[in-house]
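[1] Just the structure for this:
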Amino acid sequence: MISTGSRSKFVENYNKQTIMKKFYLSAAALLATTMLSAQAFWTPTTYKGAFPVTDNTPATDWTDTWANFDPENTNYATTTSTLSGDITANQTISGVVYLDGFVHVKNNAVLTIQPGTVIRGKNDPTTPGVLIITRGAKIMAQGTAAQPIVFTSNETVANGRNPGDWGGLVICGYGIINTGGISQAPNVSKIEGFVTTSPDRYYGGTNNADNSGVLSYVRIEFGGVALDPAVQNSEINGLTLAGVGSGTQIDHVQVSFSGDDSFEWFGGAVDSKYLIAYRGTDDDFDCDFGFQGRVQFGLGVKDANISDVALANGESNGFEVDNTAASPYFALPLTKPVFSNMTVVGAKRDGSTTIPGGDKHECAMHIRRNTGIRIFNSLFLGFEKGWRLQQAVTKDNFDAPAASDSVGVVANSNITADIGATYITDGTAVPQTWYHNYSTANNNDTVTTVTQIDFVSGFPASLATKPDFRLKATTTVGTGAAFTHAVFVGGFVGISKTNFTDKMVTVYPNPASDVANLVIDASSTSVITVTVFDVTGKAVSIPVVNHNLALGENTFSINTANLMPGVYFVTINSASGKETVKLAVSK
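    All right, here's what the predicted structure looks like:
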């Protein structure tokens with residue numbers, strides 16, 4: 001977490017040179033509660049991917065009943081009511097509703113959507129239907145498997161429905177983000193795609209536990225309109241989660257035929273389960289600006305004939321993950337969510353599908369710009385390219401000490417042998433040898449084929465036919481999943497074991513030349529050791545050994561005069577855990 005407020009005069013004096021990282025470390029009395037809460041989110045599995053070995057009952061298929069894999073040919077009833085303008089008081093809607101233009105739920109109002117409600121968005125590139133939940137407001141969309149809530153196009157089947165027919169669902173929260181286009185204390189920005197700077201489109205704040213309501217058993221179809229086709233990144237995503245906090249409930253959500261990303265998280269820390277990204281134009285799962293939530297059980301399915309061809313530099317990926325958009329990408333908190341049990345299927349499907357010329361289908365995972373994402377127990381298949389880890393500054397996160405908070409991880413996952421280019425080099429920064437060594441150390445499999453994975457019916461002749469990505473008993477990935485990494489027992493912030501509560505860590509100046517200063521604002525006492533590691537994991541300095549941390553502000557000097565220019569990791573260790581912050585050295 002990060003805050004740039006005036007926590008102390010000391011921090012204020014060095015505000016321009018300071019990178020601050022707030023983290024929460026549990027006291028002994030709270031440790032058990034923290035770990036139980038973290039474990040309660042995860043469902044430990046023996047299998048990799050989003051679905052178990054089937055026993056031929058619907059109960060093992062979490063897409064059953066509520067998901068729809070043929071929305072192009074689904075007839076919805078004619079609208080009988082209209083939702084438009086600003087919603088400033090609590091309101092409940094049901095039936096078939098016409099979403100007319102930009103609709104903001106604001107003034108801390110709650111919009112309740114009854115199970116079975118269908119919301120049909122206005123198809124107009126100038127004033128498309130867009131539902132925006134502003135900061136402090138809530139959406140309570142609690143559908144059921146038998147009566148899901150549907151956001152869809154207002155076009156008929158006869159006229160044809162397409163990606164980008166209408167806008168999409170945008171939820172803005174007070175969660176922590178690492179970029180501030182509107183303000184920097186705290187960081188607040190505006191939603192990507194909107195040309196206006198109206199406060200109704202702002203997101204970000206200081207509360208990663210913020211509550212924006214509930215999305216459960218919800219489908220979002222044919223959203224993602226480009227607000228200005230001539231401007232890059234002016235599309236709205238199917239579901240935009242901007243600074244959304246962990247108090248929000250998100251589960252059983254399907255985004256289909258989105259004109260941009262299916263799901264995009266901008267900062268915040270919301271957790272999600274059971275997500276489907278189906279035949280979207282751009283990325284299936286896109287993470288930016290300090291997102292630190294947890295996601296388990298997700299399915300992504302690409303369509304060979306749908307990709308981001310509208311942009312010269314467009315890429316349609318399974319995962320696309322950034323920290324910040326601007327070099328040197330050092331903003332904190334790092335983008336470092338945790339994903340587990342994902343099945344992500346590229347446009348080539350089982351390898352038999354031909355992708356048309358001029359497509360923009362790219363990678364199963366494009367991880368770049370200093371992110372520290374963690375991906376476990378997942379299956380990637382059917383892509384033209386597998387994993388692209390871009391830029392040395394990103395590779396540094398994956399080379400960090402294995403237990404450090406900011407480390408990136410791809411582990412216990414399969415990039416099938418059917419992918420032509422399994423690993424994409426980034427010049428000398430990320431060579432092929434690195435990938436192979438890393439994958440061996442982290443149990444990533446590039447030998448297994450799609451046939452050996454052996455889905456029940458993952459590749460029906462028509463994409464409009466419901467697939468079944470449950471595993472057969474003969475599968476090779478029915479075992480091998482693991483939930484022993486620290487992130488599974490420590491929660492999504494990666495802090496599980498240390499003795500402090502609510503403190504600020506600051507390193508300044510950053511980059512440093514001869515001396516860096518480490519400041520820890522502690523609210524409880526402990527004994528700490530501070531170690532500096534280089535990008536290979538080698539300890540290059542131990543400036544603090546068994547020091548009694550006092551209440552309040554503690555300052556330590558780190559001699560960087562003899563260190564070569566580059567990126568280092570300053571790790572604070574207590575008797576029961578550790579936390580790491582990145583330090584750049586420049587001469």
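[2] Make sure I have this right: Val255 is in a strand.
    Yes - counting by DSSP: H, G, I helix; E, B strand; the rest coil, Val255 falls inside a strand.
[3] list the contacts for it?
    219-221, 223, 238-239, 262-263, 275-278, 280 (Cβ atoms under 8 Å, 6 or more residues apart in numbering). Any C-beta I mention is one placed from the backbone N, CA and C, and that applies to glycine too.
[4] just the residues you listed now: which is nearest Val487?
    Leu275 (18.6 Å; Cβ to Cβ).
[5] And the helix or strand that contains that closest one, what's buried?
    Assessed by DSSP states H and E, Leu275 sits inside strand 272-278. Across strand 272-278, burial judged by 16 or more other Cβ atoms under 10 Å covers 272-278.
[6] what's the farthest-apart pair in the residues you listed?
    Between any two of the buried residues of strand 272-278 (Cβ to Cβ), the greatest distance is 16.8 Å, for Lys273 and Tyr278.
[7] Which of the buried residues of strand 272-278 sits closest to Val157?
    Val157 lies nearest to Tyr278 out of those, by Cβ to Cβ, at 17.5 Å.
[8] Quick check: closest non-adjacent residue to the closest one.
    What sits nearest to Tyr278 in space, not counting adjacent residues and going by Cβ to Cβ, 6 or more residues apart in numbering, is Ser256, at 4.2 Å.
[9] Enumerate every residue touching the one you found.
    Contacts of Ser256 (Cβ under 8 Å, 6+ apart): 68-69, 71, 219-222, 238, 262, 276, 278-280.
[10] can you do 6 Å?
    Applying Cβ atoms under 6 Å, 6 or more residues apart in numbering to Ser256 gives the contacts 71, 221, 278.
[11] for Pro163, same thing?
    Pro163 neighbours (Cβ under 6 Å, 6+ apart): 224, 257-259, 281.
[12] does it sit in a helix, a strand or a coil?
    Applying three-state DSSP: Pro163 is coil.
[13] and the gap between it and Glu320?
    Going from Pro163 to Glu320 by Cβ to Cβ, to the nearest Å gives 17 Å.
[14] Over to Phe194?
    Distance of Phe194 to Glu320, computed by Cβ to Cβ: 20 Å.
[15] Have a look at those two and say which one is more surrounded.
    Glu320 (24 against 19; other Cβ atoms under 10 Å).
[16] give me the low-pLDDT residue ranges for the protein?
    Applying pLDDT under 70 to the chain flags residues 1-39, 228-234, 312, 401-406, 489-504, 521-524, 535-537, 574-578.
[17] so what are the domain limits for it?
    Per the record, the chain has its domains at 9-25+498-585, 45-482, by automatic domain parsing.
[18] Determine how far the last residue of the last one lies from the first.
    Taking Cα to Cα, to the nearest Å, domain 45-482 runs 8 Å from one end to the other.
[19] repeat for stretch 324-342
    Using Cα to Cα, the end-to-end distance of stretch 324-342 comes out at 24 Å.
[20] buried set for that stretch?
    324, 329-342.
[21] Pull up the pairing partners for the helix or strand harbouring Ile119, direction included.
    Using DSSP H and E, Ile119 maps to strand 118-121. Using DSSP bridges, the strands paired with strand 118-121 are strand 96-105 (parallel), strand 149-153 (parallel).
[22] State the next helix or strand along the chain beyond the strand holding Leu275.
    Proceeding N to C from strand 272-278, the next assigned helix or strand is strand 285-288, under DSSP H and E.
[23] quick one: contacts for Val344?
    Contact analysis of Val344 by Cβ under 6 Å, 6+ apart lists 300, 318, 364, 380.
[24] Now render those as TSV, adding neighbour count, secondary structure and distance to Asp288.
    Output for those, formatted as TSV (neighbours: other Cβ atoms under 10 Å; DSSP: H, G, I helix; E, B strand; the rest coil; distance: Cβ to Cβ, whole Å):
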residue	neighbour count	secondary structure	distance to Asp288
Gly300	28	strand	17
Gly318	29	coil	16
Ala364	30	strand	18
Phe380	29	strand	21
